[in-house]
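# sequence-free structure coming up:
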């Protein structure tokens, strides 16, 4: 689950984005993201207000599946992310991660009003291969497709979060594997409006 060495020489790492107001992006290029971290480590995205984007608010990681990655020990913490998506694009989230994320945390963020065009208007969205990440003490409300969606990954810890006021499903796991995808512990989950509370591979609710 460790991070590959030497990436600091190739791609910017150990960068801090804090106490910024980042807003009204994606007007011309709808897929623009408020803060994008590629395959890089030890970055800090903290105490920002990110709003009015047509795609994701924060994206971290750029390595699909379980391939070795340099994305580790990143912190996405105490951000306010709202009015994301506007129903323009699909397959997006307020916080989106991709690939292995050893030692990374998504903590104490406040997320509200996430709306996609079709599928995928999620609050926190660990996509393909996201693994060994902690998702803790976030508040997610008012999403179209759910507060939390994990496509597939392993050993992510999701605990002490609040997921509420989703239009469709609230918690989703897309692909079942013969590994432990997530540890889901001490979360407060309010029922979804038009779907299941928990939906996906190996889930019922």
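Perfect, thanks for sending it. Keep in mind that this is a model prediction, so the values were computed, not measured.
# lowest average confidence, helix or strand, in the protein?
Least confident helix or strand of the chain, by mean pLDDT, DSSP states H and E, is strand 198-200 with a mean of 67.
# pretty sure residue 105 contacts residue 76?
Yes - with contact defined as C-beta atoms under 8 Å, residue 105 reaches residue 76; the gap is 7.0 Å. All C-beta spots, glycine's among them, are computed from the backbone N, C-alpha and C.
# ok, these two, which is more surrounded?
For residue 105 versus residue 76, neighbours defined as other C-beta atoms under 10 Å are more numerous around residue 76 (30 against 17).
# that one belongs to a strand?
Yes - judged by DSSP: H, G, I helix; E, B strand; the rest coil, residue 76 forms part of a strand.
# quickly list what it is bridged to.
As for beta bridges, residue 76 partners with residue 45, residue 106 under DSSP bridges.
# can you give me the buried ones in stretch 156-171?
Neighbour-count burial for stretch 156-171 flags 156, 158, 161, 163, 164, 165, 166, 167, 168, 169, 170, 171 (criterion: 16 or more other C-beta atoms under 10 Å).
# from those residues, pick the one nearest residue 46.
Ranked by distance to residue 46 (C-beta to C-beta), the buried residues of stretch 156-171 are led by residue 161 at 17.8 Å.
# got a pLDDT number for that closest one?
For residue 161, the pLDDT comes out at 98.
# thinking it is in contact with residue 123, fair?
No - using C-beta under 8 Å, residue 161 makes no contact with residue 123, being 9.3 Å away.
# list residues touching both of the two?
The contact sets of residue 161 and residue 123 overlap at 138, 140, 147, 148 (C-beta atoms under 8 Å, 6 or more residues apart in numbering).
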